[in-house]
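*Asks:* Below: sequence and its predicted model.
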Amino acid sequence: MVAITAPSSVDQIPLMRCPKANAGQAGAAAIPCVDLSAPGAAAAVAEACRSVGFFRATNHGVPAGVADALESRAMAFFALPAQDKLDMSGAARPLGYGSKSIGSNGDVGWLEYLLLSVTANSVKISSLPPSLRQALEEYTAAVREVGGRVLELIAEGLGVDRALLRGMVVGREGGDELVRVNHYPPCPLRAPGDCGVTGFGEHTDPQIISVLWSNCTAGLQIKLRDGRWAPVPPDPESFFVNVGDSLQVLTNGRFRSVKHRVVAPAEGAGSRLSVIYFGGTAPSQRIAPLPQVMRDGEQSLYREFTWGEYKRAAYKTRLADHRLGPFELRAASSEPAAADPQPHCSSGTCMPQQQQQQVAKVY
Ligand SMILES: C=C1C[C@]23C[C@@]1(O)CC[C@H]2[C@@]12CC[C@H](O)[C@@](C)(C(=O)O1)[C@H]2[C@@H]3C(=O)O
Ligand SMILES: O=C(O)CCC(=O)C(=O)O
Ligand SMILES: [Fe+2]
């Protein structure tokens, strides 16, 4: 097991329980798969973004070694003492190294992570080990290509200029692309009832798209349109793409940003490692429905805003909040209740505090 000495401020975090996925294997089957190199990929991508807001992408052209190299370098980094990780990366504010605390508004999860900004040519990192830095650079260059290809396919599927969305995001000067490496060690805690421990609580991603890779340890779940949670079977040979809030707005709600969450691996399951590329745009970019997707007389469901404005507002919210709410113009885009169909612990805490403290020391 990876030994992490958590900073004392997070030793006492309440760990949230995470009810089991309730869409079962049928839910997993509901996850669309798109061969990015096939003829008809644009239509398939658009249909997946419309129906689920999430899909598995195959034939993406990234050699397996690229993610594998990053996985081994990242695991070696996360195995270092906490102080070394903090010294090398700085404490997440929001960029840097974080442990258990997500964002700055009280969200917690059973994970540690690196959150990094991608600049024009490279990942902005001060003093990470050179081998990790190199693996991150290579991975980022590759995943950006996948993101760019997906954005071209989305544009084609929507019937807008093929380069429009890619140009908003990939390598855009002054843009806002992020890479996050999440490490979820096996969790020795047992949540009461039919629950697991929350690794990363339910949320939507605020950007345009997110492209995720994970190792073969499961945990990611997405919320289907009918409110059920579907497990996403891991597949290190594929990438997983999800629609972010900004793409929901750019399509005037035709594509919906998908709620997702991660359940921490149980003891014996191995560590989950995920790497996510978040394709955001420049702070000055206006986020509004693309005129080319609108039908005659169709009204925007959202008031106008820029990415900078949305991001500032988003970072003041809690993970599970409906971040687009304050930007919606009418109830037509109503969000299904955030509440899970299965009841949560009323206290929000599922571990006796003494047990939490013990576990914080193990983890
Ligand atoms: C609780 C939070 C963490 C987050 C910023 C926020 O206030 C709400 C959105 C969160 C999220 C989710 C997707 C990405 O992981 C992330 C980097 C992002 O852009 O929005 C995180 C933010 C974070 O971890 O700082
Ligand atoms: O780690 C994962 O699989 C997903 C994490 C996630 O949703 C995020 O970092 O925004
Ligand atoms: Fe996410």
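*Replies:* Thanks, I have it. Ligands and ions are numbered 1, 2, ... in the order given.

*Asks:* burial count for Val181?
*Replies:* For Val181, the count of nearby residues is 24 (other C-beta atoms under 10 Å). C-beta: built from backbone N, CA, C; applies to glycine.

*Asks:* you'd agree it is in a strand?
*Replies:* Yes: when DSSP: H, G, I helix; E, B strand; the rest coil is applied, Val181 is found to be in a strand.

*Asks:* So it versus Ala79, what's the distance?
*Replies:* Separation of Val181 from Ala79 (C-beta to C-beta, to the nearest Å): 13 Å.

*Asks:* What of Gly297?
*Replies:* 59 Å.

*Asks:* Which one's more surrounded, these two?
*Replies:* Each of Gly297 and Ala79 has its neighbours counted (other C-beta under 10 Å); Ala79 has more, 16 against 5.

*Asks:* Longest helix in the protein, please.
*Replies:* helix 130-158 (DSSP state H).

*Asks:* Are that one and ligand 2 in contact anywhere?
*Replies:* No: using C-beta under 6 Å from any ligand atom, helix 130-158 stays clear of ligand 2, with a minimum separation of 13.7 Å.

*Asks:* again, but for stretch 88-107
*Replies:* No: judged by C-beta under 6 Å from any ligand atom, stretch 88-107 stays clear of ligand 2, getting no closer than 8.3 Å.

*Asks:* Report the buried residues of that stretch.
*Replies:* Neighbour-count burial for stretch 88-107, counted by 16 or more other C-beta atoms under 10 Å, picks out 88-89, 92, 95-103, 107.

*Asks:* Asp235 contacts Arg56, correct?
*Replies:* Yes: counting by C-beta atoms under 8 Å, Asp235 does reach Arg56; the two are 6.5 Å apart.

*Asks:* Stretch 20-29 and ligand 2, any residue contact?
*Replies:* No: figure legend: stretch 20-29 not in contact with ligand 2 (C-beta under 6 Å from any ligand atom); closest approach 13.6 Å.

*Asks:* Need the contact partners of that stretch.
*Replies:* Stretch 20-29 is contacted from outside by 30, 194-196, 221, 224, 228-233, 263, 341-342, using C-beta atoms under 8 Å, 6 or more residues apart in numbering.

*Asks:* give me the subset of the residues you listed touching ligand 1.
*Replies:* Restricting those to those near ligand 1 - C-beta under 6 Å from any ligand atom - leaves none.

*Asks:* How about the contacts made by Pro233?
*Replies:* Applying C-beta under 8 Å, 6+ apart, we find Pro233 in contact with Ala28, Ile31, Ala218.

*Asks:* If you count neighbours, what's buried in stretch 131-141?
*Replies:* Quick answer for stretch 131-141 (16+ other C-beta under 10 Å): Leu132, Arg133, Ala135, Leu136, Glu137, Glu138, Tyr139, Thr140.

*Asks:* What of stretch 108-117?
*Replies:* Those buried within stretch 108-117 under the rule 16+ other C-beta under 10 Å are Val108, Gly109, Trp110, Leu111, Glu112, Tyr113, Leu114, Leu115, Leu116, Ser117.

*Asks:* Could the C-alpha coordinates of it be exported in PDB?
*Replies:* What follows is stretch 108-117, C-alpha atoms only, in PDB (Å, rounded to 0.1, in the frame of the first residue of the first chain):
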ATOM      1  CA  VAL A 108     -13.200  15.900   0.200                       C
ATOM      2  CA  GLY A 109     -12.500  12.600  -1.400                       C
ATOM      3  CA  TRP A 110     -10.400   9.500  -1.000                       C
ATOM      4  CA  LEU A 111      -7.600  10.600  -3.400                       C
ATOM      5  CA  GLU A 112      -4.500  12.600  -4.000                       C
ATOM      6  CA  TYR A 113      -3.800  14.500  -7.200                       C
ATOM      7  CA  LEU A 114      -1.700  16.800  -9.300                       C
ATOM      8  CA  LEU A 115      -3.600  19.600 -11.100                       C
ATOM      9  CA  LEU A 116      -1.500  21.300 -13.800                       C
ATOM     10  CA  SER A 117      -2.000  23.900 -16.400                       C
END
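
*Asks:* what mean pLDDT does it have?
*Replies:* The average pLDDT within stretch 108-117 is 96.

*Asks:* just to confirm, which helix or strand has Asp321 in it?
*Replies:* If you go by DSSP states H and E, Asp321 is not part of any helix or strand.

*Asks:* Tell me how many other residues surround it.
*Replies:* For Asp321, the count of nearby residues is 16 (other C-beta under 10 Å).

*Asks:* distance of it from Glu145?
*Replies:* 32 Å.

*Asks:* thinking again about what came up before, for PyMOL, what selects the buried ones among the contacts of Pro233?
*Replies:* The following PyMOL line selects those of these that are buried, judged by 16+ other C-beta under 10 Å:
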select buried, resi 28+31+218
